[in-house]
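S.K.: kindly generate the corresponding structure for this input.
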Amino acid sequence: MERRVVITGLGALTPIGNNVEEFWKGIKEGKCGIDNITLFDATNFKVKLAAELKNYNPENYFEKREAKRLDKFSQYAMIAAKEAWKDSKLDKEKENMERVGVILGSGIGGIETIETENRKCIEKGPDRVSPMYIPMGISNMATGNVAIDIGAKGESIAMVTACATGTHCIGESFRMIKHGYQDIILAGGTEAGITPLGIAGFTNIKALSRSEDKTRASIPFDKERNGFVMGEGAGIIVLEELEHALKRGAKIYAEIVGYGATSDAYHITSPAPGGEGGARAMKIAMQEANVKPEEITYINAHGTSTHLNDSCETQAIKTALGEENAKKVMVSSTKGHTGHLLGAAGGIEAIVLAKAIEEGFVPATINYKVPDEECDLDIVPNEGRKTEVQYAMSNSLGFGGHNSTILLKKF
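M.R.: Predicted coordinates for the structure are as follows:
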């Protein structure tokens, strides 16, 4: 028997707020978290801007010794997971923790640790590499650390699909609960990639904006868009089987009713022509949810602010929903607020969906100035809208041709 799955907890650490309340307030107010890079000296770099966490001090969350043994991507995941768990009001003592899973991922894992220890190995010799290098750097460790911290003894899996990671983790968790393998899962993504190597790599593949104007760097769907802005943080939600949630009187943010995952099988960095793979992911999510295109109120687009992504995603939405419905649906990208959190993007954007449904508010695409005929959807420019949201989708698309879509419903 297929079971229903609901969202009962939210946790976020983002460039516009270090918890869900601050993050959502920033989204509603159209706050932009992009500024000059401070995490390293970017003097010799062509890219000067990123969306860093503000006022982040690990010692506010961890003991000094523990913080030193955790790469930032693990720290961020643990903080967001703790918030989501607390928000859900689940009690370890009352739960069968063998039925509680953790499925979250990171696009690039502990890149800061990898860079630091690589430098030591070259400059000071192999004996100087930290014994903590491997457990800090490997990309499954955010999942492992969250499971240890929460005491979750169910399925503990780290998925990596580049920028589609967070959404894939949530979608796969939904399926796992739906088909009876787990009752509760903490799902989402985490990323701490604002490092010299992270910025240099994405710059040289021509993915990042070189704009030095923070209001014109991450500008999804704008004709002058010229690349994305790297962000960091984590977004984690608690998914729970409906009967289990009702039995304990849990607050329910929204119900997850559909999930689509496809591969372009086309190119390592470019989306398939016309966004064909993304369109199929949206269609699969709608089919699973038994929802018609005209019932969708809002789509939180992947909307990275790269030329190809935004034009292909526009075409994908038209293909999936049909030209007529695509014109009516509200489509915004919140990456103008947060930059692009890579593997964590789908995590924080799932929180945006849940809050949009809960509060009846569709976020804006901020810093939008120059319309692009290739992106001729209702992108909710600059001002968010108060309106009831019955069904909402979130898209995430990753290098390698990975596409994922989740579909949420008002409960």
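S.K.: and N55, what does it touch?
M.R.: N55 makes contact with N18, according to C-beta atoms under 8 Å, 6 or more residues apart in numbering. Backbone N, C-alpha and C define where each C-beta goes, glycine included.
S.K.: for the stretch 201-350 of the chain, which residues score under the pLDDT cut-off?
M.R.: The model of the stretch 201-350 of the chain has no residue with pLDDT under 70.
S.K.: which parts of it are strands?
M.R.: 233-241, 254-263, 298-300, 330-332 (DSSP state E, counting those that start in this stretch).
S.K.: which residues of the stretch 1-150 of the chain fall in strands?
M.R.: Using DSSP E, counting those that start in this stretch, strands in the stretch 1-150 of the chain cover 5-13, 35-36, 49-50, 100-105.
S.K.: of all these, which one comes closest to A152?
M.R.: strand 100-105 (4.3 Å; C-beta to C-beta).
S.K.: can you work out which other helices and strands pack against the closest one?
M.R.: Applying 3 or more C-beta pairs under 8 Å, 6 or more residues apart in numbering; DSSP states H and E, we find strand 100-105 packed against helix 72-88, helix 141-150, strand 156-157, helix 165-178, strand 184-191.
S.K.: send me it as CSV with only the CA atoms.
M.R.: The C-alpha trace of strand 100-105 is given here as CSV (Å, rounded to 0.1, in the frame of the first residue of the first chain):
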residue,chain,number,x,y,z
VAL,A,100,14.4,7.3,11.0
GLY,A,101,16.8,7.9,8.0
VAL,A,102,19.1,10.6,6.8
ILE,A,103,19.4,11.3,3.0
LEU,A,104,21.3,14.4,2.2
GLY,A,105,24.2,15.3,0.0
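S.K.: the inter-axis angle of that strand versus helix 141-150?
M.R.: 150 degrees (axes from the mean of the first three to the mean of the last three C-alpha atoms, to 10 degrees).
S.K.: now strand 100-105: how far from the chain's centre is it?
M.R.: Offset of strand 100-105 from its chain centre (C-alpha atoms, centre = their mean, to the nearest Å): 14 Å.
S.K.: in the sheet, who's paired with E241?
M.R.: V5 (DSSP bridges).
S.K.: how many neighbours does it have?
M.R.: 20 (other C-beta atoms under 10 Å).
S.K.: and what of the one 4 residues further on?
M.R.: Counted with other C-beta under 10 Å, residues neighbouring A245 total 25.
S.K.: with M282 instead?
M.R.: 28.
S.K.: which ones are touching it?
M.R.: M282 neighbours (C-beta under 8 Å, 6+ apart): 260, 316-317, 320-321, 393, 395, 405.
S.K.: these in helices, which ones?
M.R.: 316-317, 320-321 (DSSP state H).
S.K.: farthest-separated two in those residues?
M.R.: A316 and L321 (9.4 Å).
S.K.: these two: which is more packed in?
M.R.: Between A316 and L321, counted using other C-beta under 10 Å, the more crowded position is A316 (29 against 25).
S.K.: out of the contacts of M282, the closest to T116 would be?
M.R.: For the contacts of M282, the nearest to T116 is N395 (34.4 Å; C-beta to C-beta).
S.K.: tally up the residues packed near the closest residue to the closest one other than its chain neighbours, please.
M.R.: With sequence-adjacent residues excluded and distances taken as C-beta to C-beta, 6 or more residues apart in numbering, N395 is closest to H302, at 4.7 Å. By the criterion of other C-beta under 10 Å, H302 has 32 neighbours.
S.K.: surely H302 meets E313?
M.R.: Yes: at 5.8 Å, H302 counts as touching E313 under the criterion of C-beta atoms under 8 Å.
S.K.: which residues are in contact with each of these two?
M.R.: Going by C-beta under 8 Å, 6+ apart, residues that sit against H302 and also against E313 are 278, 395, 397.
S.K.: please pick the buried ones from those.
M.R.: 278, 395, 397 (16 or more other C-beta atoms under 10 Å).
S.K.: the helices in this protein, which residues?
M.R.: Using DSSP H, helices in the chain cover 20-29, 64-68, 72-88, 111-124, 133-137, 141-150, 165-178, 196-204, 242-247, 276-289, 307-321, 323-328, 335-338, 345-359.
S.K.: so for stretch 368-386, what gets flagged as buried?
M.R.: Result for stretch 368-386 [16+ other C-beta under 10 Å]: buried residues 368, 372, 375, 377-380, 384-385.
S.K.: who touches that stretch?
M.R.: Here stretch 368-386 has contacts from 27-28, 30, 216, 219-225, 301, 310-311, 314, 317, 326-333, 336, 360-367, using C-beta under 8 Å, 6+ apart.
S.K.: swap in stretch 33-51?
M.R.: So stretch 33-51 is contacted by 14-16, 26, 52, 54, 194-196, 199-200, 202-203, 208-212, 214, 217-218, 229-232, 337-341 (C-beta under 8 Å, 6+ apart).
S.K.: do stretch 62-73 as well
M.R.: Contacts of stretch 62-73 (C-beta under 8 Å, 6+ apart): 58-59, 61, 75, 78, 106, 109-113, 132, 135-137, 139, 141-142, 145, 190-192, 232, 234.
S.K.: selecting buried members of these in PyMOL, what would you type?
M.R.: Selection of buried members from the contacts of stretch 62-73 for PyMOL, criterion 16+ other C-beta under 10 Å:
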select buried, resi 58+61+75+78+106+109+110+111+112+113+135+136+137+139+141+142+145+190+191+192+232+234
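S.K.: so what's the residue lying closest to R175 once chain neighbours are set aside up against?
M.R.: Of all residues not flanking R175 in the chain, Y259 sits nearest, at 6.5 Å (C-beta to C-beta, 6+ apart). Applying C-beta under 8 Å, 6+ apart to Y259 gives the contacts 170-172, 174-175, 284-285, 288, 404-407.
S.K.: quick one: Y259 from P196, how far?
M.R.: 36 Å (C-beta to C-beta, to the nearest Å).
S.K.: and what of I103?
M.R.: I103 is 30 Å from P196, by C-beta to C-beta.
S.K.: cool, K48 as well?
M.R.: Taking C-beta to C-beta, one finds K48 at 13 Å from P196.
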